[in-house]
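Chemist: sharing a model that was predicted from the sequence below.
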Amino acid sequence: MIRTLDDLDAQGAAVGVRVDINSPIGADGTLDDDSRLRAHRETLAELADRGARVVVLAHQGRPGGDDFTTLESHAARLGDLLPASVEYVDATFSAAARERVEGLDDGTVLVLENTRFYSEEVLQFPPEDAAETHLVRGLAPVLDAYVNDAFAAAHRAQPSIVGFPVRLSGYAGRVMERELDALGNIGETPTPRVYCLGGAKVDDSIEVAASVLDSGLADAVLTSGVVGNSFLHVSGVDLGAESTRVVNDRAGDRLAQAERLLSEYGDRLHLPVDVAVERDGERVEVAVADLPVEEPAMDIGSATVDAYADVLEDAGTAILNGPAGVFEDDRFAAGTDGLFAAATAAEYTIVGGGDTAAAIRHLDLEGFDHVSTGGGAALAMLTGESLPAVEALR
């Protein structure tokens, strides 16, 4: 059983809340998009309203990346979004951080510094070992409880994710609670269950296809984007030099697995029947039978959208993971737009987070039952895997 905020006596308690507000950062080094902050607003506002002293733990970027920066601008934006007073300290578990936590007034929020500024946080540990890290041992003594609302990071066994529940009573925040309710029993959702797999993370998508087909979770898998091209490639289709290069770069050693899946599950694996390319600055659709062409495939074509819509019309559950093409370019948004719109015909529709959710926002699409805040975490749950953060909370 996982406890939620409903089980937490928040009044006067110092509550550490792990959120995932890892966001795009502008050229000036400040926050460029606040959608992830807005997702956690309910949890943070509720705790503050109930009189907790709310201590926010979060990360931004990875060491060496252009977006690896402080959480100062995140704290400022949270100050605009929350009805409570929001403070920031450029420390996480030092004496300075502990003093600020102990001095907090009830109903106020303190944002600690980027947890990944400390090397332990970029490593993964069993919970008992994570509880012995400097981060957890330094901060836990001034906290009364721990709330994990960072579903998007729930597939990682980092100290701030799995270490605190060893030392403190652990609870799921509202984002985590909703995600577990929606994704935690994927095998019990209505059937036929159709997975739509696209996007640029081809190795992950092929692994997902293998998992859901081998386990029987998927009644059908609709492939698009480079994922679809990869299956076309192993089926013997000559895509053309440029598309083949992209497939080899992205799929790599997963192509042998794709070939096995096509051999074993060809009746459940659906491949594109046409693609869209750029020719003389225009979108041109090319039937798979007319390949190869010189131009790289940028989207699925309208015939593929129609064929996939026929499958989705009878679906009990549709699971979307990854756009069908380069949706950021208006000329190649039609495949993603048409496929995702068709998915809403299913009895229950789940969007698997990450780039998929970004595509939905970009295209201003609606009608989905659940849009996940997580990419890798959502993928894990949609294939029936357990998550380190969830196991730690149990």
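Modeler: Yep, that arrived. Numbering: from 1, shown residues only.

Chemist: that's a helix at Val147, yeah?
Modeler: No - checked against DSSP: H, G, I helix; E, B strand; the rest coil, Val147 lies outside a helix; its state is strand.

Chemist: quick check: bridge partners of it?
Modeler: Per DSSP bridges, residues listed as beta-bridge partners of Val147: Val17, Tyr171.

Chemist: all the strands of the stretch 151-300 of the chain, residue numbers only.
Modeler: Assignment of strands within the stretch 151-300 of the chain using DSSP state E, counting those that start in this stretch yields the ranges 170-172, 193-197, 220-223, 269-270, 274-279, 282-287, 299-300.

Chemist: and these, which is most packed in?
Modeler: Neighbour counts (mean count of other C-beta atoms under 10 Å) averaged over each of those peak at strand 299-300, with a mean of 32. Any C-beta I mention is one placed from the backbone N, CA and C, and that applies to glycine too.

Chemist: just checking, what packs against it?
Modeler: With contacts defined as 3 or more C-beta pairs under 8 Å, 6 or more residues apart in numbering; DSSP states H and E, the secondary structure elements packing on strand 299-300 are strand 274-279, helix 334-343.

Chemist: next SSE downstream of the helix or strand hosting Ala378?
Modeler: Assigned by DSSP states H and E, Ala378 belongs to helix 376-382. Toward the C-terminus, helix 376-382 is succeeded by helix 388-393 as the next helix or strand (DSSP H and E).

Chemist: CA atoms only for that following helix, dumped as CSV, please.
Modeler: In CSV, the C-alpha atoms belonging to helix 388-393 read as follows (Å, rounded to 0.1, in the frame of the first residue of the first chain):
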residue,chain,number,x,y,z
PRO,A,388,12.2,2.2,-8.0
ALA,A,389,10.4,5.3,-6.6
VAL,A,390,7.2,3.4,-6.2
GLU,A,391,8.8,0.4,-4.6
ALA,A,392,10.5,2.7,-2.1
LEU,A,393,7.2,4.3,-1.2
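
Chemist: run through who's touching that helix.
Modeler: Residues lying outside helix 388-393 but in contact with it, judged by C-beta atoms under 8 Å, 6 or more residues apart in numbering, are 2-3, 124, 127, 148, 150-151, 153-157, 161-162, 165-166, 170-172, 176, 180, 377.

Chemist: still on that earlier bit, which other helices and strands does the helix holding Ala378 contact?
Modeler: Helices and strands in packing contact with helix 376-382 are listed as helix 174-183, helix 202-215, strand 317-321; criterion 3+ C-beta pairs under 8 Å, 6+ apart.

Chemist: what comes up buried for the longest one?
Modeler: By neighbour count with 16 or more other C-beta atoms under 10 Å, helix 202-215 contains the buried residues Val202, Asp203, Asp204, Ser205, Ile206, Val208, Ala209, Ala210, Ser211, Val212, Leu213.

Chemist: and that helix with strand 317-321, angle?
Modeler: Here helix 202-215 runs at 160 degrees with respect to strand 317-321, directions being taken by axes from the mean of the first three to the mean of the last three C-alpha atoms, to 10 degrees.

Chemist: tell me what helix 202-215 is packed against?
Modeler: strand 193-197, strand 220-223, helix 225-234, helix 241-251, helix 255-265, helix 376-382.

Chemist: equivalent analysis for the last one, please.
Modeler: On a contact count with 3+ C-beta pairs under 8 Å, 6+ apart, strand 317-321 meets strand 193-197, helix 334-343, strand 348-351, helix 376-382.

Chemist: number of nearby residues for the residue lying closest to Leu168 once chain neighbours are set aside?
Modeler: Take Leu168 and drop its neighbours on the chain: the residue closest to it by C-beta to C-beta, 6 or more residues apart in numbering is Tyr146, 4.3 Å away. Using other C-beta atoms under 10 Å as the criterion, Tyr146 is surrounded by 27 other residues.

Chemist: hang on, isn't Tyr146 packed against Ser169?
Modeler: Yes - Tyr146 sits in contact with Ser169 when judged by C-beta atoms under 8 Å, with a separation of 6.9 Å.

Chemist: gap between Thr63 and Val109?
Modeler: Quick fix: residue 63 reads Pro, not Thr. With the distance defined as C-beta to C-beta, to the nearest Å, Pro63 ends up 26 Å from Val109.

Chemist: if we can go back for a sec, show the contacting residues for the residue nearest to Leu168.
Modeler: Tyr146 touches Val15, Gly16, Val17, Arg18, Phe164, Pro165, Leu168, Ser169, Gly170, Tyr171, counting by C-beta under 8 Å, 6+ apart.

Chemist: just put the residues you listed in JSON lines and tack on distance to Ser263.
Modeler: Converted to JSON lines, the contacts of Tyr146 look like this (distance: C-beta to C-beta, whole Å):
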{"residue": "Val15", "distance to Ser263": "52"}
{"residue": "Gly16", "distance to Ser263": "50"}
{"residue": "Val17", "distance to Ser263": "48"}
{"residue": "Arg18", "distance to Ser263": "43"}
{"residue": "Phe164", "distance to Ser263": "46"}
{"residue": "Pro165", "distance to Ser263": "44"}
{"residue": "Leu168", "distance to Ser263": "50"}
{"residue": "Ser169", "distance to Ser263": "50"}
{"residue": "Gly170", "distance to Ser263": "45"}
{"residue": "Tyr171", "distance to Ser263": "46"}
